[in-house]
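A.B. asks: Starting from these lines, generate the structure:
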Amino acid sequence: MNAPDREFDPDDNFENSREHESPLHDEDDEASTEALVWQLLLVINPGDEEAALRQFDGYRDAVAADGVDEADPMARLKDVIDWTSGFHVEADDPSTFIDAINELVARWNLAVDWGVEDVGDDEFLAATDVPELMSTAYDRLREYGYTLWTWDAGADAHAGWITLSRDDDAVRLLAPALGIDVRPGSDAF
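C.D. replies: Numbers count the residues shown, from 1 in each chain. Take a look at the predicted model:
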């Protein structure tokens, strides 16, 4: 057996997970995907392991229902986390985006300052779009120690979640390991 090109770090739980796969990896692929999903759910539910567990059960139910081991994990997670620890809104619906973010941050007794007194004002909503609002929410949440993330939901939608800023590196490792293209909310897709 050859040694890896770089030094082994026992605390590096995710970075090398696919780099040095064993011949048994194929048999353990579903288990490793579940472990990564569990870790992601813990990160997007800061301080709420019960919500993460409910969502993990929902994810496992979705896996069992469709019977396909190789399906995209985010496709299953999207509905399980929606309006609890994640959002998925139409690209042209800033009002629903504001509602979703307000709902998500209420878990931590926070409120996002959108820069206007009435976020339901038709003129305000007509003059803005979801990427601009996402950038505003990203900036305001960073002030409180949170990061708004967005993942590639296609051209017709915007989606993402919020984590503690101290977990930014974990998101950067977990999401790609699950095949999820993710960016900070300041850089919407």
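
A.B. asks: where's the closest residue to residue 87 other than its chain neighbours relative to residue 141, distance?
C.D. replies: Using C-beta to C-beta, 6 or more residues apart in numbering and skipping residues adjacent in sequence, the residue nearest residue 87 is residue 100, 3.8 Å away. Just so you know, the C-beta spots here come from the backbone N, C-alpha and C atoms, and that holds for glycine as well. Distance of residue 100 to residue 141, computed by C-beta to C-beta, to the nearest Å: 13 Å.

A.B. asks: residue contacts, the residue nearest to residue 87?
C.D. replies: Residue 100 sits next to 83, 87, 89 when contact means C-beta atoms under 8 Å, 6 or more residues apart in numbering.

A.B. asks: can you list contacts of the helix or strand where the last one lies?
C.D. replies: According to DSSP states H and E, residue 89 maps onto strand 86-90. Contact with strand 86-90 is made by 44, 77-78, 82, 96-97, 100-101, 104, 130, 153, 156-161, as judged by C-beta under 8 Å, 6+ apart.

A.B. asks: what about the longest strand in this structure?
C.D. replies: Secondary structure of the chain read by DSSP state E shows that its longest strand is strand 157-164.

A.B. asks: Give me the packing partners of that strand, helices and strands only.
C.D. replies: Strand 157-164 is packed against helix 25-44, strand 86-90, helix 94-105, helix 130-142, strand 146-151, with contacts defined by 3 or more C-beta pairs under 8 Å, 6 or more residues apart in numbering; DSSP states H and E.

A.B. asks: how close does the most centrally placed residue in the chain sit to residue 79?
C.D. replies: The residue lying closest to the centre of the chain (C-alpha atoms, centre = their mean) is residue 161, at 4.2 Å. In this view, residue 161 and residue 79 are 13 Å apart by C-beta to C-beta.
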